[in-house]
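**Q** Just the structure for this:
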Amino acid sequence: MKKMIRYIFQDWSVNRSASIKSSLVLALFRLAQLATRSPRYLAGLASVYGVLYQVLVGWLLGIELPSSVQVGQYLKLRHGVALVVHRDTVIGDYCTLRHSTTIGNKQRSDGSFTNAPKIGNHVDIGANVVILGAITIGDHAVIGAGAVVVKDVPSGAVVAGNPAKILGVVNQSTNHETEFPLMMEV
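**A** Next up, the predicted model:
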């Protein structure tokens, strides 16, 4: 039981400087993940919770974070409003997501869809960012506000713009809790 409670509230400590809403959304998200893995005899209860989660987080709070998203430890949400994450996205440990960000797949000219992005550990994603397609964002990358990312981003890169271009590299010896990592020019 302690392990389950620790799992549900794991994001609480990294979001205490953000808002109670961020902490609550992530606790509800982790609970929704547990509900989808619940034993078969609890399927009805899990379904009811899934609908409640969708209504509360998706419709009322404006955050689309499906329980199927693979998220590592200690996700940080800054505001979170208008956040849209594709159900097949993979997000690593100690990542930060800001408001009005979209992470999703692309539709090809033949009508098929690409896979969703894979985001590494310690990635800091700014506000109003769009990350699309079967791309990989490397560990310790920083995505600047308003960036449109449609190609892989190497580990430690700082990118911004539309389309996103590498502006520098992060000094990866900085602490994962540093709000604005030190940058070195390329």
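**Q** what's the weakest-modelled helix or strand in this protein?
**A** Lowest on mean pLDDT, DSSP states H and E among the helices and strands of the chain sits strand 183-185, with a mean of 46.
**Q** The residue lying closest to Asn121 once chain neighbours are set aside - how many residues pack around it?
**A** Nearest residue to Asn121, sequence neighbours excluded (Cβ to Cβ, 6 or more residues apart in numbering): Gly92, at 3.7 Å. C-betas here are computed from N, CA, C, even on glycine. Close neighbours of Gly92, defined as other Cβ atoms under 10 Å, add up to 19.
**Q** Please list all residues in contact with Gly92.
**A** Gly72, Ile119, Gly120, Asn121, His122, Val123, Asp139 (Cβ atoms under 8 Å, 6 or more residues apart in numbering).
**Q** in the sheet, who's paired with the second one?
**A** By that I understand Ile119. Ile119 forms beta bridges with Ile91, Ile137, as assigned by DSSP bridges.
**Q** Against Leu61, how distant is it?
**A** Distance from Ile119 to Leu61, counting by Cβ to Cβ, to the nearest Å: 22 Å.
**Q** cool, the last one as well?
**A** Here Asp139 is placed at a distance of 29 Å from Leu61 (Cβ to Cβ).
**Q** likewise the first one?
**A** Gly72 sits 22 Å away from Leu61, going by Cβ to Cβ.
**Q** from the chain's centre, how far out does stretch 44-53 sit?
**A** Relative to the centre of its chain, stretch 44-53 is centred 22 Å away, using Cα atoms, centre = their mean, to the nearest Å.
**Q** which outside residues touch that stretch?
**A** Against stretch 44-53 from outside (Cβ under 8 Å, 6+ apart): Leu28, Phe29, Leu31, Ala32, Ala35, Thr36, Ser38, Ser67.
**Q** Distance from the top strand by length along the chain to the middle of the chain?
**A** Longest strand in the chain by number of residues (criterion: DSSP state E): strand 165-170. Distance of strand 165-170 from its chain centroid, counting by Cα atoms, centre = their mean, is 21 Å.
**Q** go on, stretch 150-158?
**A** Taking mean C-alpha positions (Cα atoms, centre = their mean), stretch 150-158 and its chain are 16 Å apart.
**Q** what's the span of it from first residue to last?
**A** 15 Å (Cα to Cα, to the nearest Å).
**Q** can you give me the helices in the protein?
**A** With DSSP state H, the ranges of helices along the chain come out as 2-8, 20-36, 43-53.
**Q** Just name the most buried of those helices.
**A** The highest mean neighbour count among these, using mean count of other Cβ atoms under 10 Å, belongs to helix 20-36: a mean of 19.
**Q** Contacts for that one next, please.
**A** Identification of contacts with helix 20-36 by Cβ under 8 Å, 6+ apart yields 4, 7-12, 15-16, 42, 45-46, 49-50, 53, 56-57, 61, 63, 65, 67-68, 71, 75-80.
**Q** so how far is the first residue of stretch 81-96 from its last?
**A** 14 Å.
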